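[1] Please work out how this folds:
(chains A and B)
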Amino acid sequence: MNRHALIVLLLWLLLAVVGEFLVVRLAPGMFPVVAAEEGEIVDNAFTFLMILAVPVLAFVLATLLYSLASFRSRGTPSQDGPPIHTNRPVLFVWFLATIGLTALMIVHPGITGMRELADRADREPDLVVKVETMRFGWRITYPEQKINTFQELVLPVGKHVRFEVTSLDVLHAFWVPAFRMKIDAVPGMVTTVHATPNRTGGFQNDPNFRLQCAELCGIGHSVMQVPVRVVEQKEFDAWAAQQSKLARRSN
Amino acid sequence: MAAASGLKPILKGLSFALVGLLIGAGLGLLFTSLTNRPSTEPVIVLGYVFALLGWLLGVGLWDAWGREWVGLPVQGEAGHDWRRFFRFTTDHKIIGVQYLVTFVVVMLLAGIASVLMRVELMAPGKNILGPNEFNTTMSLHGIMMIAVAVATIIGGFANFLLPLMIGADDVAFPRINALSYWIIPPVAVLLLLTPFFGGFDSGWTAYPPLSVINAHGQLLFLLAFLTFGVSSILGGLNFLTTIIKLRAPGMTWGRLPIFVWSIFAAALISLTATQFVAYGLLMIILDRVVGMSFFRASEGGNPLLYEHIFWFYSHPAVYIMILPAFGIALEVLTHFSRKPLFAYKWVVGAFLGIVGLSFIVWAHHLYTSGMPNSLHIPFMVTTELISIPTGVVFLAALGTIWMGRLWLTTPMLFAIAFVFNFLIGGVTGIFLADVPTDIQLQDNYFVVAHFHYTIMGGEIFAIMAGLYYWFPKVTGRMYHEKLGKVHFWSMFLTYNVTFLAMFWAGIQGMNRRVADYIPDLAGINLFVSIASFFLAASFLILVYNLVRSWARGTVASASPWRARTLEWQTSSPPPLENFPHPPVVVGHPYDYGVPGSVHAAPAPVGGGSEDER
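    Numbers count the residues shown, from 1 in each chain, chains lettered A, B, ... in the order given. Below is the predicted model of the structure:
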């Protein structure tokens, strides 16, 4: 192995170690608050992909920086470089590495993460919430509790919730940043998305507890959002009872 | 007076267009009076179609084709002054310059749109644009930059340089080439008119049902995009035929410059995939104008169908943009490293592999669209497989500069920056190809940052490399090297600051295509906005350098870079017939450092380049 390759190898290792250290130290603090089990799967997948990305970035960066530093010619080059057309062992190792990395990331966090999400989605839901979208609001219905509201999305903590989403006009998307879950609302079709909130909280304290439209729907798209509140079961029951009383009164 | 005579074809085109507009609008009124439907949109469609035909006939189609067809004498080519750039000429070099100048202007206009957006986003709440104005500005920025990304390299660089690089005297269909250019001004006119027709708030993706029910500006956008698609299809056809049929003697497939291979690969996609988006757009137009219901759910239509048709084109389309960028970057890296292109044949294989894969990955845009979950794994697998051929391109780039004699001119700096930027674009693409992470990142600023890294950090940087690299060949003058380097460093640094920060905004939950956002995201948005203003300012250096150098730069020699490919073996700029003596190719274009190697020699007397036709 020649001197140049050895230096690049060391530079790569150095950059990769520093990079991995930063990822492991900084990753937990870089995400906004996560308030659902499904959201943790998403954040873990993100962190793992960063760990995979660091050596790739470090290798290209190390090679580029070293080449710029040591192969640059002052002014017009007076002669040509060595006529290297290709190099079989390098190609072989390169293919091995890229195919290996691709296979790894397809399996994990790709397929494993999807399996975890699918396993949760297959669970019997504790609560079903129907969401109908329209420009530019949300009609949120709790069929079992026989209540509906346009004001906020209230959910009990620790319960597996299935959202059945549809649209009354154009495409919209159901997105709660704190849950990391998203699905389009499509007219003429019911789409589903699941979340298991595992932390109480509300929009007042953290704006990631919001139901936000994430598919361009026209003039009011950016303000098409309502607060989300995750509360204890007791509080949820009290809220539901009050809502149905209000509904009866207005009838 | 001279100006008027120089602009005669354009004035003639405009007056024919006006006549066409009146005929079409009249027909529209006639039809709608019979069917009792609202008349505005049928009048717009028919008025536009006839105006487009009138424009094309007036500007040159009649003179170039019509007169010959009916047996009238055909008028000669335009002279050598500035007027030739305003005519329907068939010289690929003039058409190349027409494309380049047009799309640099479009790029600057779309850049101004992006500055307006960033001013609006500097602080939450309304600053300068209302929500509909913001949406229209955002949509215009999107479609204009898409057009720049699709057409600058194929229409501009490939037009000027590809026939030179393969030793031909023009493209295969010179008149169709002129047609593909002259059909573009109506596209620009339609897009710039959209704000006066209520704007369009659907983004460049134009998802129905929104695009079926919104203002008339949407219809203008759809017609513009459809017209632009026709230009792309014709361009693809022309370059494929040119590469297959017009290579100089000895220019075997294994000796094609890598830029030519990249155009071959992109033209394959351009010719075939563009037809899908054309049908999709046509179906929306029919939904709007004659009340069909392809995409109206209440009448049995399916909005998801459009998303599939749209991405069946628009994902391959990103490779129409990036493959030629690979071509330019590798071309520049090779010549300025003074070394052979590393693993040339593997790179060609990678290009063709990318073409194949590009057609079977489209639904990765639709993970959260409501399509069946069973489709997630197949599309994740095909998408992530693209890492393998793309990895070959990176290996070629690194292998080429390794041990080279790196000549760090402005184009070389841009080509190296391309490798760095596209690396970040590629790596962050994995986060979006992976289903669990994409559920959160879809439709937020992480996506915005990612595709700007691939298209702006990637392709636009490659276009910059190409602009500086071929500037002496195209204009016959050298650009100002110091200014070029100032432009490079200011653009490279401000670009990365702007778009790295956008990844952060996305992770923090900033969703895309919004005029307003929660106050918690104010800090990061102000930061991105300020950085983007510096980025925009760096383009002023480019414009000054190009204009100044074109007017009075030092005169360039035939081959200022001592590069081996054929475009440098003729004068700068090349004569009308490209090569005074048709060249014969005898060796590989990239054999730097191989003793005694030659790429091309002038043809022997009586040489047979004509036999090939």
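[2] List the residues that contact A:Asp237.
    Applying C-beta atoms under 8 Å, 6 or more residues apart in numbering or on different chains, we find A:Asp237 in contact with A:Pro156. For the C-beta atoms, the positions are set from N, CA and C on the backbone; glycine is no exception.
[3] Figure out how far the helix or strand containing it is from the centre of its chain.
    Following DSSP states H and E, one finds A:Asp237 within helix A:233-250. Offset of helix A:233-250 from its chain centre (C-alpha atoms, centre = their mean, to the nearest Å): 33 Å.
[4] Name the nearest residue to B:Gly96, sequence neighbours excluded.
    B:Phe160 (2.9 Å; C-beta to C-beta, 6 or more residues apart in numbering or on different chains).
[5] Same check on B:Ala110?
    B:Met144 (3.7 Å).
[6] what packs against the strand or helix carrying that neighbour?
    Using DSSP H and E, B:Met144 sits within helix B:131-151. When contacts are defined as 3 or more C-beta pairs under 8 Å, 6 or more residues apart in numbering or on different chains; DSSP states H and E, helix B:131-151 sits against helix B:92-120, helix B:184-193, helix B:217-245, helix B:303-337.
[7] try 10 Å
    helix B:92-120, helix B:184-193, helix B:217-245, helix B:258-289, helix B:303-337 (3 or more C-beta pairs under 10 Å, 6 or more residues apart in numbering or on different chains; DSSP states H and E).
[8] CA atoms only for that helix, dumped as PDB, please.
    Extracted in PDB, the C-alpha atoms of helix B:131-151 (Å, rounded to 0.1, in the frame of the first residue of the first chain):
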ATOM      1  CA  PRO B 131     -50.800  33.200   0.900                       C
ATOM      2  CA  ASN B 132     -52.000  33.000  -2.700                       C
ATOM      3  CA  GLU B 133     -49.100  35.100  -3.900                       C
ATOM      4  CA  PHE B 134     -46.700  33.000  -1.900                       C
ATOM      5  CA  ASN B 135     -48.100  29.800  -3.400                       C
ATOM      6  CA  THR B 136     -47.900  31.200  -7.000                       C
ATOM      7  CA  THR B 137     -44.300  32.400  -6.400                       C
ATOM      8  CA  MET B 138     -43.400  29.000  -5.000                       C
ATOM      9  CA  SER B 139     -45.000  27.200  -7.900                       C
ATOM     10  CA  LEU B 140     -43.300  29.400 -10.400                       C
ATOM     11  CA  HIS B 141     -39.900  29.000  -8.800                       C
ATOM     12  CA  GLY B 142     -40.500  25.300  -8.900                       C
ATOM     13  CA  ILE B 143     -41.500  24.900 -12.500                       C
ATOM     14  CA  MET B 144     -39.000  27.400 -13.800                       C
ATOM     15  CA  MET B 145     -36.100  25.700 -12.100                       C
ATOM     16  CA  ILE B 146     -37.400  22.300 -13.200                       C
ATOM     17  CA  ALA B 147     -37.200  23.700 -16.800                       C
ATOM     18  CA  VAL B 148     -33.700  25.100 -16.200                       C
ATOM     19  CA  ALA B 149     -32.600  21.700 -14.800                       C
ATOM     20  CA  VAL B 150     -34.100  19.700 -17.700                       C
ATOM     21  CA  ALA B 151     -33.100  21.900 -20.600                       C
END
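[9] Show me how far that helix is from its chain's centre.
    Relative to the centre of its chain, helix B:131-151 is centred 13 Å away, using C-alpha atoms, centre = their mean.
[10] Could I get the average pLDDT for that helix?
    What helix B:131-151 shows for mean pLDDT is 96.
[11] Would you tell me what the next helix or strand after that helix is?
    Immediately after helix B:131-151, counting by DSSP H and E, sits helix B:159-165.
[12] Out of the helices and strands packed on helix B:131-151, which is the most enclosed?
    Sort those by mean neighbour count, taking mean count of other C-beta atoms under 10 Å in any protein chain shown, and helix B:303-337 sits at the top with a mean of 25.
[13] what bits of chain A have low per-residue confidence?
    For chain A, the stretches with pLDDT under 70 are A:1, A:251.
[14] Find the closest residue to chain B in it.
    Residue nearest to chain B within chain A: A:Gly188 (2.8 Å; C-beta to the nearest C-beta).
[15] before we move on, the earlier item: wait, the residue nearest to B:Ala110 sits on B:Met138?
    No: using C-beta atoms under 10 Å, B:Met144 is not in contact with B:Met138; the gap is 11.1 Å.
[16] Touching both of those two, which residues are there?
    Common neighbours of B:Met144 and B:Met138, using C-beta atoms under 10 Å, 6 or more residues apart in numbering or on different chains, are B:Ala113, B:Ser114, B:Trp204.
[17] Closest one of those to chain A?
    The closest of these, once distances to chain A are taken by C-beta to the nearest C-beta, is B:Trp204, at 10.5 Å.
[18] quick one: contacts for that closest one?
    The neighbours of B:Trp204, taking C-beta under 10 Å, 6+ apart as the test, are B:138-147, B:221, B:225, B:310, B:314.
[19] Doesn't it lie inside a strand?
    No: going by DSSP: H, G, I helix; E, B strand; the rest coil, the assignment for B:Trp204 is coil, not a strand.
[20] now the strands for the stretch 151-251 of chain A?
    Assigned by DSSP state E, counting those that start in this stretch, the strands in the stretch 151-251 of chain A fall at A:153-156, A:161-167, A:172-176, A:181-185, A:191-195, A:201-202, A:210-213, A:225-231.
[21] The last one packs against which elements?
    Packing contacts for strand A:225-231, counted by 3+ C-beta pairs under 10 Å, 6+ apart, involve strand A:137-142, strand A:153-156, strand A:172-176, strand A:201-202, strand A:210-213, helix A:233-250.
[22] between that strand and strand A:191-195, how many degrees?
    Angle, strand A:225-231 to strand A:191-195, by axes from the mean of the first three to the mean of the last three C-alpha atoms, to 10 degrees: 40 degrees.
[23] Would you mind listing the buried residues in strand A:225-231?
    Neighbour-count burial for strand A:225-231, counted by 16 or more other C-beta atoms under 10 Å in any protein chain shown, picks out A:Gln225, A:Val226, A:Val228, A:Arg229, A:Val230, A:Val231.
[24] how about the second one, what does it touch?
    Residues in contact with A:Val226 (C-beta under 10 Å, 6+ apart) are A:137-138, A:140, A:149-153, A:203, A:210-213.
[25] got the contact list for the residue in chain B that chain A sits nearest to?
    Ranked by C-beta to the nearest C-beta, the top residue of chain B for proximity to chain A is B:Ala297, at 2.8 Å. B:Ala297 makes contacts with A:166-170, A:186-189, B:208-209, B:303-304, as judged by C-beta under 10 Å, 6+ apart.
[26] and what of B:Phe420?
    By C-beta under 10 Å, 6+ apart, the contact set of B:Phe420 is A:Leu57, A:Val60, A:Leu61, A:Leu64, A:Leu65, B:Tyr453, B:Gly457, B:Phe461, B:Phe492, B:Asn496.
[27] What is the burial count for the second one?
    Taking other C-beta atoms under 10 Å in any protein chain shown as the criterion, the count of residues near A:Val60 is 22.
[28] Look up the closest residue to it, ignoring the ones flanking it.
    Nearest residue to A:Val60, sequence neighbours excluded (C-beta to C-beta, 6+ apart): B:Leu423, at 5.1 Å.
[29] So that neighbour versus B:Pro174, what's the distance?
    Distance, B:Leu423 to B:Pro174, by C-beta to C-beta, to the nearest Å: 39 Å.
[30] same thing with B:Val486?
    39 Å.
[31] just for the stretch 401-550 of chain B, where's the confidence low?
    Low-confidence segments of the stretch 401-550 of chain B, defined by pLDDT under 70: none present.
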